[in-house]
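I need the structure of the sequence given here:
(one chain, ligands or ions: 1)
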Amino acid sequence: MRIYEKLLAHKDEIKQTHLRKLFQDDPERFNRFHAEFNHFLLDYSKNNITQKTMDLLFELARESGLKEAINDMFEGKKINTSENRAVLHTALRNRDNHPIYVDGQDVMPEINRVLQQMKTFSTQVRTGKWRGATGKRIKNVVNIGIGGSDLGPAMASDALAFYRIDTINFHFVSNIDGTDITETLKKCNPETTLFIISSKTFTTQETITNALTAREWLVNTLGSEAVSKHFVAVSTNTKAVSEFGINPENMFVFWDFVGGRYSLWGAIGLSLMIGIGYRNFIEMLEGAFAMDNHFKNTPFEQNLPVILGLLGIWYTTYLGAETYAVLPYDQYLRKLPLYLQQLDMESNGKHAKKDGHFVDYPTGPILFGEAGTNGQHSFYQLIHQGTHLIPTDFIAPIHSLNETGQQHDILLANFVAQPEALMRGKTADEVRAEGVPENLVPFKTFEGNRPSNTILIDKMTPWTFGALIALYEHKIFVQGVIWNVDSFDQFGVELGKQLAKNILPELLDKNKEISHDSSTNALIERIRKSRSELKRIK
Ligand code: F6P
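You can find the predicted model right below:
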């Protein structure tokens, strides 16, 4: 029997067994199903698994060539096959600086050069050596970018806000909705504002449009000579950067072998480095590097990203889960679910296998989440009593950076209680024993048997943060290998972009003929009419 069939057959055994019973039958269950790495504890005992499940999943990983795939990635092989690119965000945090070759060339000297350039620049901005055109210190840094050129630095800037310099405010503009840039500029003064235009391609419509608005805002007050003191760029596209009017000396490069959603570790992290300083940034890279080595060198049975990845495969492919929730019990990590939505769904939301055939099994899950305990007061109802299977990751630091009052103890109590409640539930008899009237018993019953992972981290530091993000990157990698998809392209975002390009001139010219479906035509006509009336009124 092939491993796929073995897992399918095993699924029926598991479906009949309540987690509560698995815990009752085996007092060693936690010991059996937890793994530790450095400042991390992963408790995966509250999953719908037995030892047999895990053994089969590890077999699946081996049969899928996971070990070889991991080595190929770290060695710079062109595993992004649809784009014929290496995948080397790990090189950006290669802290022992061993050579890594792409097309016969060691990429490390270039990576180190850019890191030094970032160090010099960020130090100048932080210390006030870098001044605006009128000689004033920088007080606002505005990163303009979208997707991977926004979510990584925006999420990390929040996550590490405790370590951030307090004389500079950080803003992240991404949306093409003019409200985003307008509301941000209201908070800034041109003389003290630095814009970082972050775009791998430097052709992204949202980013370039917002950057042009920012430049106009600045030039209106300070004149065009001021641009060089207030605009820098992060990109792979030197030509487009200089065409935009940014001096290539003020450009920080990265490379094709770094995917947008994996780019936080290099120049896209410039705003973060200005915020937390070079040393903390390096500490973050060290944490990610440690996780890289753990992923590369640890047997699958103790390997955190491998275990998490396989559990996700178990639920999505075999148990029919369509969603997956990430629930950080840490206010600093409140943007983590947003960040992981891109990382996971843009990577594994694929329907074609690497060989070009369509898959006949589900791939990447729909990811959502919210910081605890806020989520408890909104969508947890559905996780506890709804009809969907929703695997969850609970993440919390044991020690808070802000030990005020009793908040952190209460937070942790909730963090521990929720997975317990999901696992054990509450039977109708238990509800009755509380004296609940019979007519209310069904409403107060909890089925339980709902899976979760618990990730405990000692404390949120740049190191643990770096390791945590690398953990999720590698988890997603594991799943991509097993689903046999290219986790590093994103052609699925193209069609909508192309259609928007065609529709824009149709919105602007009310006489232009349109020939879409009846719904799209009607929407275009309604917008045209309403906007042309508005223009007449104005
Ligand atoms: O919309 C898809 C995408 O290509 C993302 O993968 C990327 O992070 C984002 O757009 C931004 O692209 P760029 O950095 O080239 O502006």
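
roughly how far apart are Val306 and the ligand?
Distance, Val306 to the ligand, using CB to the nearest ligand atom, to the nearest Å: 25 Å. C-beta: built from backbone N, CA, C; applies to glycine.

that residue is in what secondary structure piece?
helix 304-313 (DSSP states H and E).

again with Phe368
With DSSP H and E as the test, Phe368 turns up in strand 366-369.

and that strand, how far out from the chain middle?
Offset of strand 366-369 from its chain centre (CA atoms, centre = their mean, to the nearest Å): 11 Å.

what does this protein put close to the ligand?
When proximity is defined as CB under 6 Å from any ligand atom, the chain approaches the ligand at 146-149, 199-201, 204, 207, 260-261, 346, 490, 493.

coming back round to it: contacts for the strand holding Phe368, please.
Outside strand 366-369, the residues that touch it by CB atoms under 8 Å, 6 or more residues apart in numbering are 322-328, 336-337, 340-341, 344-345, 375, 379.

and the two most separated of those?
Maximum pairwise distance among the contacts of strand 366-369 (CB to CB): 21.6 Å, between Glu322 and Pro328.

more neighbours: the two, which one.
It is Pro328, of Glu322 and Pro328, that has more neighbours when counted by other CB atoms under 10 Å, with 28 against 12.

for that one, what are its contacts?
334, 336-337, 369, 371-372, 395-396.

same deal with Ala156?
Ala156 neighbours (CB under 8 Å, 6+ apart): 264, 269, 272, 284, 465, 469.

and what of Lys497?
For Lys497, the contacting residues are Gln205, by CB under 8 Å, 6+ apart.

what's the helix or strand for it?
Using DSSP H and E, Lys497 sits within helix 494-508.

same question, Pro362
Per DSSP H and E, there is no helix or strand for Pro362.

leaving out sequence neighbours, find the closest residue to it.
Leaving aside its sequence neighbours, Pro362 sits nearest to Thr316 (CB to CB, 6 or more residues apart in numbering; 5.4 Å).

my guess is the one you found contacts Pro365, does it?
Yes - contact criterion CB atoms under 8 Å: Thr316 and Pro365 qualify, at 5.2 Å.

who's more crowded, these two?
Thr316 (24 against 21).

and Glu75, what does it touch?
So Glu75 contacts 100-101 (CB under 8 Å, 6+ apart).

any idea how far it is from Ser487?
17 Å (CB to CB, to the nearest Å).

can you check His18 too?
His18 sits at a distance of 34 Å from Ser487 (criterion: CB to CB).

out of these two, name the residue with the larger neighbour count.
Ser487 (30 against 16).

quickly find the element holding that one.
Using DSSP H and E, Ser487 is not contained in any helix or strand.

before we move on, the earlier item: show the average pLDDT along the helix holding Val306.
In this model, helix 304-313 has a mean pLDDT of 98.

immediately after that helix, which helix or strand?
Following helix 304-313 in sequence, per DSSP H and E, is strand 323-328.

in its sheet, what does that next one sit against?
Counting by DSSP bridges, the strands paired with strand 323-328 are strand 366-369 (parallel), strand 392-399 (parallel).

in it, what's buried?
Burial within strand 323-328, assessed by neighbour count using 16 or more other CB atoms under 10 Å, is assigned to 323-328.

could you pull out the strands for this structure?
Ranges of strands within the chain are 34-37, 40-43, 101-102, 105-106, 140-144, 169-173, 193-198, 231-235, 251-253, 323-328, 366-369, 392-399, 452-459, based on DSSP state E.

same list, the ones you listed, but as a markdown table with distance to Ser242 and mean pLDDT please.
As requested, the strands of the chain are exported to a markdown table (distance: least, CB to CB, whole Å; pLDDT from 0 to 100):
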| stretch | distance to Ser242 | mean pLDDT |
| --- | --- | --- |
| strand 34-37 | 44 | 98 |
| strand 40-43 | 44 | 98 |
| strand 101-102 | 25 | 98 |
| strand 105-106 | 24 | 98 |
| strand 140-144 | 17 | 98 |
| strand 169-173 | 22 | 98 |
| strand 193-198 | 12 | 98 |
| strand 231-235 | 9 | 97 |
| strand 251-253 | 8 | 96 |
| strand 323-328 | 40 | 98 |
| strand 366-369 | 38 | 98 |
| strand 392-399 | 42 | 98 |
| strand 452-459 | 43 | 98 |
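
dump these into JSON lines; add distance to Asn511 as well.
Output for these, formatted as JSON lines (distance: least, CB to CB, whole Å):
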{"stretch": "strand 34-37", "distance to Asn511": "64"}
{"stretch": "strand 40-43", "distance to Asn511": "62"}
{"stretch": "strand 101-102", "distance to Asn511": "51"}
{"stretch": "strand 105-106", "distance to Asn511": "54"}
{"stretch": "strand 140-144", "distance to Asn511": "34"}
{"stretch": "strand 169-173", "distance to Asn511": "34"}
{"stretch": "strand 193-198", "distance to Asn511": "36"}
{"stretch": "strand 231-235", "distance to Asn511": "38"}
{"stretch": "strand 251-253", "distance to Asn511": "42"}
{"stretch": "strand 323-328", "distance to Asn511": "46"}
{"stretch": "strand 366-369", "distance to Asn511": "42"}
{"stretch": "strand 392-399", "distance to Asn511": "53"}
{"stretch": "strand 452-459", "distance to Asn511": "58"}
